[in-house]
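Trainee: The sequence isn't on hand, but the structure is:
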């Protein structure tokens, strides 16, 4: 079945630096790739998503890139701030099952 | 703004009990989902439903069942709770628009402890 791998599992950056989180997926028919941010003790919240007909999408300091050939997608956060500290999850929708499969999460710590 | 409400934030039950976790959404979403979240494993899908009375197994359905009698409510049932079902349970909902996937919106979660 569909599998999503996410790296790194933890990431520590200095405030103002960029952070990159990478995910790979196995089902070449996957067509939707959301990213969720989960602060400690809170619900996962959608921060950005991308569909398979687009290679890149940007929203202020956050961008996501998709490489369908290599079956990987990445989250880029620029000018990081302490409030960006959270666990980030990538996900992919399995082409055949239409179910969201999540990565195992990345704990991002932004040091002031 | 979408509101997904889970009935309890914290719940403590005993081994062998039948446990009900309730989830209600107020945006008339067709799709509803139950996940469990464990450290290092991410979110794993237990069951989902595309419509009233409909249910489909996710990746880890064993030991669970669900009920969707009304569009806004999706219940997760632990038939006979066991200690390995101690976890954070998250409910989510989304619109169904043909084959175009829509974002899922999550509730605050229920942290369930089975003693």
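Mentor: Yep, that arrived. This structure is a prediction, so every number in the text was calculated from the model and none was measured.
Trainee: right, quick check: the helix or strand of chain A with the lowest mean pLDDT against chain B, any contact?
Mentor: Within chain A, judged by mean pLDDT, DSSP states H and E, the helix or strand with the poorest mean is strand A:100-102; its value is a mean of 90. Yes - against chain B, strand A:100-102 shows contacts by C-beta under 8 Å from any C-beta of the partner chain at A:100, A:101, A:102. Placement of C-beta: from N, CA and C, glycine included.
Trainee: What residues sit buried inside the next helix or strand after that strand?
Mentor: Counting by DSSP states H and E, the next helix or strand C-terminal to strand A:100-102 is strand A:106-111. With burial defined by 16 or more other C-beta atoms under 10 Å in any protein chain shown, the residues of strand A:106-111 counted as buried are A:106, A:108, A:110.
Trainee: Kindly report the same for stretch B:101-109.
Mentor: If you call a residue buried by 16+ other C-beta under 10 Å, then stretch B:101-109 has these buried ones: B:101, B:102, B:103, B:104, B:105, B:106, B:107, B:109.
Trainee: and the closest residue to the first one other than its chain neighbours, bridged to which residues?
Mentor: Across the structure, with C-beta to C-beta, 6 or more residues apart in numbering or on different chains as the measure, the residue nearest residue B:101 apart from its sequence neighbours is residue A:32 (3.9 Å). Beta-bridge pairing of residue A:32, defined through DSSP bridges, involves residue A:51.
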